[in-house]
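Novice: need a 3D model of the sequence below.
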Amino acid sequence: MSLEERSDPPDGCERRGSLTGLLTSVELLRRAQDGQEQALDQLIERYLPPFRRWARHRLPGWARGAMDTDDLVQETLLRTIKNLKNFNPRGDGALQAYLHKAMLNRVRDEMRKAQRSARPVTIDTNEPDRRPSPLHVTIEHETYERYLRALNELRKEDRQAIIARVELGQSWAEVADALAKPSRDAARVAVTRALRRLAEGMARAAKPTVAKVE
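Specialist: This is a model prediction of the structure:
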């Protein structure tokens, strides 16, 4: 499903943030930092679904251990948010970007752990091997790493726009809230601009370096 095919709530429907008077994620974080368990629960409930969807696409089956993906996401979110005692994000987008980084680091740790503990397995040669080839896995990994490097080189607002819309798959209304934009159209413009800059960054990273011959 393309970005444009994702449905948003129709105009007039409630959305969180300043337009409805509901608490923003940053406000919930501040209450959680003050020890309000209900605010912590609401914050986890808000971010659990998008990060679950994100992790299912990022953590391959072979890297999943005793803890399944949903439990891993919930445990990582809970631990990260509880440790944000002195973190003061300027907006929801900054908080999402911080949580995204923590989740990405956890996924990488799980993949490294799985690679270290991997054991040879016997493959039935009479059955076709439907797993991706090592080359395919390597290419996918290198492409994603190039994407992450280009993402980190973007200015903060562009990075937050891509994390909200592309990584977490949020609606345009939610993206507008995260970026403090006045409308969904403004959020679309911000994401389109960020994606163009990201593509340019990835293209630069993909160009081979030619050594000068003296």
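Novice: longest helix of the chain?
Specialist: The residue-count maximum for a helix in the chain (DSSP state H) belongs to helix 92-116.
Novice: just for the chain, where's the confidence low?
Specialist: By pLDDT under 70, the low-scoring segments of the chain are 1-21, 60-67, 114-141, 207-214.
Novice: if you set the cut-off to 50 instead, what comes out?
Specialist: For the chain, the stretches with pLDDT under 50 are 1-21, 119-135, 209-214.
Novice: what about the helices in it?
Specialist: Secondary structure of the chain (DSSP H): helices at 25-33, 37-58, 69-82, 92-116, 134-153, 156-162, 172-179, 184-206.
Novice: how is this structure partitioned into domains?
Specialist: The chain breaks down by automatic domain parsing into domains covering 20-115, 133-209.
Novice: export these as CSV, with columns for mean neighbour count.
Specialist: In short, each C-beta sits where N, CA and C put it, glycine included. Shown next, in CSV, are those (neighbours: other Cβ atoms under 10 Å):
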stretch, mean neighbour count
domain 20-115, 16
domain 133-209, 16
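Novice: isn't residue 33 up against residue 82?
Specialist: No - counting by Cβ atoms under 8 Å, residue 33 sits too far from residue 82 to count as a contact (9.3 Å).
Novice: phi, psi for residue 168 please.
Specialist: Main-chain torsions, residue 168, degrees, to the nearest 10: phi -100, psi -10.
Novice: pretty sure it sits against residue 57.
Specialist: No - contact criterion Cβ under 8 Å: residue 168 and residue 57 do not qualify, at 11.0 Å.
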